[in-house]
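Asks: give me the fold of what follows.
(one chain, ligands or ions: 1)
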Amino acid sequence: MSHSTAKVGFYQFAPEFGAVSTNLSNVIAALDQVDADIIVLPELAFTGYYFQDRDELATLAEEPATSTTVSALIQLCRDNNFHLVTGFAEKTEEGIFNSALLINGEGILQTYRKLHLFNTESEYFDPGNKPLQTCEINGIKVGLMLCYDWAFPEVARTLALQGADLICHPSNLVLPWCQQAMLTRCMENGVFAITANRIGSDIRPRGTLNFTGQSQIAAPKGVQLHRASATTEALFTTTINLSQARDKKVTPLSDLLRDRRPEFYTCLTNK
Ligand code: ACM
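Replies: As a prediction, this is how the structure comes out:
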């Protein structure tokens, strides 16, 4: 495949809370034989989302270096020659993070730790502590963000300024606004984005959360290339033309990144 196009997609499904090996088997069965450069899975795709407390999270989170889940995903990437972005409950010496991993057949290429924790997440996860960054794979510059980060345009903008062509966005959405907002994130930054959301519910001691599906692939200019159903499992891939993400012009004289006036935005970096 030429470097000006990429085959990208998502797998939307309903992880079962706490059933890490069942969820892993499901992902392996669904993705085996898929032809793609990159596939995105939902946030917290293997553990489920709605933890009771930090103790419960600590029993389900894994250290990437010793995780049997991660090693099986590396093998899946190796067998199929694709890259995966997945949400992952990441246990480390620094804390337990709601993370996104970019994986290929050799290992983990990049880890993103969610910067904007949503609702009760901050009771059991530690806030992300690593800078935003991009990673080049098969000629595609990939940036990672997670779910509620959609509401902070600074995240997508930072990734765009770092050269991202494609934002991979594992999600567990419960609110109705993200998909529409991501069309704007793509328009204002001239990037592609894959929002991989989950379906189904977490019925847990703290209550029930119903996840809203509608995983989406969006293109520069705010074009919705595909949106999945709210309730059914979906594996979707499409070919994107990366040159669309490299031209930031909205008129011959107007350029989304060059026309910025950051000297007037200094309050954005105040606490
Ligand atoms: C979310 O950040 N999972 C809504």
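
Asks: mind listing the helices for the stretch 151-271 of the chain?
Replies: 153-161, 178-189, 243-246 (DSSP state H, counting those that start in this stretch).

Asks: any chance of those helices in JSON lines, plus distance to residue 5 and mean neighbour count?
Replies: All C-beta atoms are positioned from the backbone trio N, CA, C, and that covers glycine. Converted to JSON lines, these look like this (distance: least, Cβ to Cβ, whole Å; neighbours: other Cβ atoms under 10 Å):
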{"stretch": "helix 153-161", "distance to residue 5": "20", "mean neighbour count": "21"}
{"stretch": "helix 178-189", "distance to residue 5": "17", "mean neighbour count": "20"}
{"stretch": "helix 243-246", "distance to residue 5": "9", "mean neighbour count": "16"}
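
Asks: need those in TSV with distance to the ligand, can you?
Replies: Listed next are the helices of the stretch 151-271 of the chain as TSV, based on distance: least, Cβ to the nearest ligand atom, whole Å:
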stretch	distance to the ligand
helix 153-161	12
helix 178-189	8
helix 243-246	25
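
Asks: backbone dihedrals for residue 150, please?
Replies: The phi/psi pair for residue 150 (degrees, to the nearest 10) reads phi -60, psi -30.

Asks: residues contacting it?
Replies: Shown in contact with residue 150 (Cβ atoms under 8 Å, 6 or more residues apart in numbering): 156, 169, 171, 178, 181-182, 185, 195.

Asks: hmm, 10 Å instead?
Replies: 116, 156, 167, 169, 171, 173, 175, 177-182, 184-185, 193, 195 (Cβ atoms under 10 Å, 6 or more residues apart in numbering).

Asks: can you check residue 147 too?
Replies: 42-44, 49, 87, 98, 100, 114, 116-118, 121, 169-175, 178, 195-198.

Asks: residue 30 too?
Replies: So residue 30 contacts 11, 13, 39, 41, 233-235 (Cβ under 10 Å, 6+ apart).

Asks: which element is it on?
Replies: helix 20-31 (DSSP states H and E).

Asks: parallel or antiparallel, which strands does the following helix or strand past that helix pair with?
Replies: Per DSSP H and E, the first helix or strand lying C-terminal to helix 20-31 is strand 38-40. Sheet pairing for strand 38-40, assigned by DSSP bridges, gives strand 5-12 (parallel), strand 83-92 (parallel).

Asks: got a list of contacts for the helix or strand just after strand 38-40?
Replies: With elements assigned by DSSP H and E, the helix or strand that comes after strand 38-40 is helix 54-60. For helix 54-60, the external contacting residues (Cβ under 10 Å, 6+ apart) are 17-20, 44, 46-48, 50-51, 61, 89, 91, 96, 98, 121, 123-126, 204-205.

Asks: helix 54-60: which residues count as buried?
Replies: When neighbours are counted by 16 or more other Cβ atoms under 10 Å, the buried residues of helix 54-60 are found to be 56-57, 60.

Asks: export the helices of the stretch 151-271 of the chain as a markdown table, with columns for mean pLDDT.
Replies: As requested, the helices of the stretch 151-271 of the chain are exported to a markdown table (pLDDT from 0 to 100):
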| stretch | mean pLDDT |
| --- | --- |
| helix 153-161 | 98 |
| helix 178-189 | 98 |
| helix 243-246 | 98 |
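
Asks: tabulate those helices in JSON lines, adding columns for distance to residue 211.
Replies: Output for the helices of the stretch 151-271 of the chain, formatted as JSON lines (distance: least, Cβ to Cβ, whole Å):
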{"stretch": "helix 153-161", "distance to residue 211": "21"}
{"stretch": "helix 178-189", "distance to residue 211": "11"}
{"stretch": "helix 243-246", "distance to residue 211": "28"}
